[in-house]
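*Asks:* Sharing a sequence plus its predicted fold:
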Amino acid sequence: MENSRSSVGSVMTNFRWAICGMLFLATLVNYMDRQVLSLTYTDFIAKDFHWDDNDYGTITATFSIFYAFISLFAGKFIDILGTKKGYLWAIVFWSIAACLHAGCGWMTMVANGAESMDALRGMEKASQIGLWGLTISVWLFIACRCLLAMGESGNFPAAIKVTAEYFPKKDRAFATSIFNAGASVGALLAPLTIPQLANAMGWEMAFIIIGGIGFLWAGIWVFMYTHPAESKFVNKNELEYINQDASEAPVQKEEKKEKGPKFGIIDCFKYRQTWAFIMGKFLTDGVWWFFLFWAPAYFKELGHPASTFTGQMLLFVLYLIVTVVSIGGGYAPKFFVEKKGMHPYKGRMRAMLIFAFLPIFALVAQPLAEESVWYPAIIIGLAGAGHQAWSANLYSTIGDMFPKRAIATITGIGTMFGGLCSFGINKGAGAFFTYADENAFSCFGIEGKPAAYMVVFCYCAIAYLLAWCVIKVLVPKYKPIED
């Protein structure tokens, strides 16, 4: 192995960035699969099944709570199985689940005895009622979303683990910001492609075509990924760069072969560092998922649904801002470390504080919507960019403070609590919007459903500063977990 590495040449290879590119693509696919429902909800699916915001909120909230529950075990699954096999299983499973959404219309039609989708559209909502007041179509979509959550829960634990394997500490936030940008790029591409697919071929084919992309990624991953110490594409110089941190000995074997005490799920809760990551996710993740799931519905409320050119451009501009600004968020700690001489953890916390201020602009998103619909698009874009930059640095704190063999497990635990926050926001928002639309609700002089959006935006604005303060109290100074 040593001879083969030397023969590659004295110039350092950069295969780690190719791996980062694969993580970016996986995250992009992950978020496009997630967006198909939100971009077909108001203009296609709601009309077919007579859904209201409460139905949609129930589906997105159930996805969030199941995602939260399964994430507790997904990280451990990745740690046990290893990044290559674990990531492969995750993306294949969620791609199958994404495609299965296409069958919900046919199954609802059969269950209600309708001869066609046109006949189903003509039925009253009451005639489609299933268990506990939810229609059959809602239950079917809930089932598919739960399967999707089961697969997608493996994406971030695997990606963060790969990042810790292929990058030194000072570069991890930057690498994380790049692959994490796949979320915003996926959300950027989604409104430009999914409504067009749904218009041309039906919403069912939108699920199948977007869901099928994951199978292509899986085929490439099988042949491309190996641990850096075993990769023929990584030479000696790059391996030394990857393992440059003085506190970590060079890793020569796959992560699952590392020696040392095991980190059981229950054991992880003993550490304040775990709780710092948990609170960082619990207080903020729901903000991003709210923007992701409800932005198309919000712009329709302002008169520009995703099926129109203006609606698509609003979403495009929103996620373009998220993509461009958030990548800089990953570079910030690298700047603080290399230019200002800060410790990686201190530089990361400084960067997180800076980006915690961006969502503050959400306080004026709804009032400015009366002036122009482009104001909330830009403001939500800045808030979303703040989240993505924050998230990239928050994920990297795990690699700062925990051994590599525990990274996926800790990521899964934090993701579970982030999913709980998302459940609360999405279910609460759906019920709140329906209530505000049917009753005389007002807030800060705003009436009806826009007033309900104003309330949710207020929480989104302060969540990150609150989370930063909690993290600082729990872990005021850098303190890694010793083996």
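*Replies:* Thanks, I have the structure now. Keep in mind that what you see is a predicted model, and the values were worked out from it rather than measured.
*Asks:* Tell me the spacing between residue 177 and residue 265.
*Replies:* 28 Å (Cβ to Cβ, to the nearest Å). In short, each C-beta sits where N, CA and C put it, glycine included.
*Asks:* all strands of the stretch 351-483 of the chain, in order?
*Replies:* Remark: strands assigned in the stretch 351-483 of the chain by DSSP state E, counting those that start in this stretch are 442-443, 446-447.
*Asks:* how about TSV for the ones you listed, with mean pLDDT and mean neighbour count added?
*Replies:* Below are those laid out as TSV (pLDDT from 0 to 100; neighbours: other Cβ atoms under 10 Å):
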stretch	mean pLDDT	mean neighbour count
strand 442-443	82	14
strand 446-447	84	15
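*Asks:* will you turn these into JSON lines that also has distance to residue 121?
*Replies:* Shown next, in JSON lines, are the strands of the stretch 351-483 of the chain (distance: least, Cβ to Cβ, whole Å):
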{"stretch": "strand 442-443", "distance to residue 121": "35"}
{"stretch": "strand 446-447", "distance to residue 121": "32"}
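*Asks:* ranges for the helices of the stretch 351-483 of the chain?
*Replies:* 365-369, 374-401, 407-438, 449-474 (DSSP state H, counting those that start in this stretch).
*Asks:* hey, which of those helices is tucked in deepest?
*Replies:* helix 374-401 (a mean of 26; mean count of other Cβ atoms under 10 Å).
*Asks:* So between residue 177 and residue 265, which is more surrounded?
*Replies:* Neighbours per residue (other Cβ atoms under 10 Å) separate residue 177 from residue 265, with residue 177 holding more: 26 against 15.
*Asks:* Surely that one is in contact with residue 323?
*Replies:* No. At 10.4 Å, residue 177 does not count as touching residue 323 under the criterion of Cβ atoms under 8 Å.
*Asks:* returning to that earlier point: could you dump the helices of the stretch 351-483 of the chain into a markdown table with distance to residue 292 added?
*Replies:* What follows is the helices of the stretch 351-483 of the chain, written out as a markdown table (distance: least, Cβ to Cβ, whole Å):
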| stretch | distance to residue 292 |
| --- | --- |
| helix 365-369 | 15 |
| helix 374-401 | 8 |
| helix 407-438 | 9 |
| helix 449-474 | 12 |
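*Asks:* With mean pLDDT and distance to residue 62 as added columns, please give those helices in TSV.
*Replies:* Output for those, formatted as TSV (pLDDT from 0 to 100; distance: least, Cβ to Cβ, whole Å):
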stretch	mean pLDDT	distance to residue 62
helix 365-369	91	27
helix 374-401	87	22
helix 407-438	86	8
helix 449-474	93	19
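*Asks:* among these, which is nearest residue 299?
*Replies:* With respect to residue 299, and counting by Cβ to Cβ, the nearest of the helices of the stretch 351-483 of the chain is helix 374-401 at 7.5 Å.
*Asks:* The closest one relative to helix 449-474, how many degrees between them?
*Replies:* Between helix 374-401 and helix 449-474, the angle comes out at 20 degrees (axes from the mean of the first three to the mean of the last three Cα atoms, to 10 degrees).
*Asks:* how much does helix 374-401 deviate in direction from helix 407-438?
*Replies:* Using the same axes, to 10 degrees: helix 374-401 against helix 407-438 is 160 degrees.
*Asks:* Skipping adjacent residues, who's closest to residue 51 in space?
*Replies:* Nearest residue to residue 51 in three dimensions, chain neighbours excluded: residue 45, at 6.7 Å (Cβ to Cβ, 6 or more residues apart in numbering).
*Asks:* I'd like to know how many residues surround the one you found.
*Replies:* 25.
*Asks:* Would you mind confirming that it makes contact with residue 59?
*Replies:* No. The criterion here is Cβ under 8 Å, and residue 45 misses it with residue 59 at 9.8 Å.
*Asks:* Quickly list what's touching both of these two.
*Replies:* Contact criterion Cβ atoms under 8 Å, 6 or more residues apart in numbering; residues shared by residue 45 and residue 59: residue 37.
*Asks:* wait, which of the strands of the stretch 351-483 of the chain is closest to residue 188?
*Replies:* So among the strands of the stretch 351-483 of the chain, strand 446-447 is nearest, using Cβ to Cβ, at 29.1 Å.
*Asks:* For the closest one, name the packing helices and strands.
*Replies:* Counting contacts by 3 or more Cβ pairs under 8 Å, 6 or more residues apart in numbering; DSSP states H and E, strand 446-447 is packed against no other helix or strand.
*Asks:* Kindly recompute the last result at 10 Å.
*Replies:* helix 365-369, helix 449-474 (3 or more Cβ pairs under 10 Å, 6 or more residues apart in numbering; DSSP states H and E).
*Asks:* could you pull out the helices for the stretch 101-250 of the chain?
*Replies:* 104-111, 117-121, 136-152, 155-166, 169-201, 203-224, 236-242.
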